[in-house]
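Provide a 3D model corresponding to the input given below.
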Amino acid sequence: VYLERVLSYGELDLCPSNWKRLVLGAVMLASKVWDDQAVWNVDFCQILRDITVSEMNELEREYVQLLQFNVNVGSSIYAKYYFDLRQLAKENKISFPDELLTKEKAIKLEALSLVNNRLQQPLSTTKNQSNQSQLISNSHQISSQQQSLVPLLSLRRSASVEFIHSPRKSLLIIS
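Residues are numbered from 1 along each chain as shown. Model (predicted):
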């Protein structure tokens, strides 16, 4: 869900240079939204030794901003993905748990999602206001042409053929 959202909201392309970190961002965010005792960023870094804690923090920050802080996954969206995955598994002859999504489970998932979303709202509002005031204060120091490149340059680590040929952005945050 988060991967599709970030690709859509951020107008990103999934390419060989960014897919790993896009998926990592989705998994990291999903684990934090789903579980109160989520894995810490430093724990991810112990498993993935080629990324630092500050890079993980930046990835998380940029990911949430690209999602426009929309981390809520409603029961209807969850059900859609559930049935899509079941169908894909069936078409590819892969076993899939036959446990049905009951109404009670759907309601519980919706409630968990709403609670997590509400917990994020005050934080996201504060972050948005902080980011906006920081951008305004920095705007006096950077020309308008340079300003449009700031988000790209801060996230980009290497050039990519996909970036050159794609009509969509291909931020390499995540490469």
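
where along the chain do the helices fall?
Counting by DSSP state H, one finds helices in the chain at the ranges 2-9, 19-34, 41-47, 53-66, 75-91, 103-139, 144-155, 161-165.

residues in contact with the fifth one?
Put plainly, it is helix 75-91. 1, 94-96, 101, 106-107, 109-110, 113 (CB atoms under 8 Å, 6 or more residues apart in numbering). (C-beta placed from N, C-alpha, C; glycine too.)

go on, the second one?
The contact list for helix 19-34, computed with CB under 8 Å, 6+ apart, reads 1-3, 6-7, 12, 14, 38-39, 41, 44, 48, 51, 56, 59-60, 62-64, 67, 71, 73, 112-113, 116, 120, 173-175.

Separate out the buried members of those.
Burial by neighbour count, 16 or more other CB atoms under 10 Å: within the contacts of helix 19-34 this picks out 1-3, 6-7, 12, 14, 41, 44, 51, 56, 59-60, 62-64, 67, 71, 73, 112-113, 116, 120, 173-175.

any idea how far Lys108 is from Asp50?
When distance is defined by CB to CB, to the nearest Å, Lys108 is 37 Å away from Asp50.

Would you mind telling me which of these two has more residues around it?
Neighbour count, other CB atoms under 10 Å: between Lys108 and Asp50, Lys108 has more, with 12 against 7.

quick one: the more buried one and Leu114, what's the gap?
Lys108 is 11 Å from Leu114, by CB to CB.

Where in this protein is the helix or strand with the lowest mean pLDDT?
Lowest by mean pLDDT, DSSP states H and E among the helices and strands of the chain is helix 161-165, with a mean of 34.

Poorly predicted segments of this structure, please.
Within the chain, the stretches with pLDDT under 70 are 101, 116-175.

at 80 instead, please
The chain contains residues with pLDDT under 80 at 35-38, 97-102, 105-106, 108-175.

domain ranges for it?
The chain breaks down by automatic domain parsing into domains covering 1-69+148-175, 74-120.

So which of these is the most surrounded?
Compared across those, domain 1-69+148-175 shows the largest average neighbour count, a mean of 16 (mean count of other CB atoms under 10 Å).

Ser74 against Ala111, yeah?
For the record, residue 74 is Gly, not Ser. No: applying CB atoms under 8 Å as the test, Gly74 and Ala111 come out as separate, 10.7 Å apart.

How about the contacts made by Tyr63?
Counted by CB under 8 Å, 6+ apart, Tyr63 has contacts 2, 6, 25-26, 28-29, 173.

let's see 7 Å
By CB atoms under 7 Å, 6 or more residues apart in numbering, Tyr63 lies in contact with 6, 25, 29.
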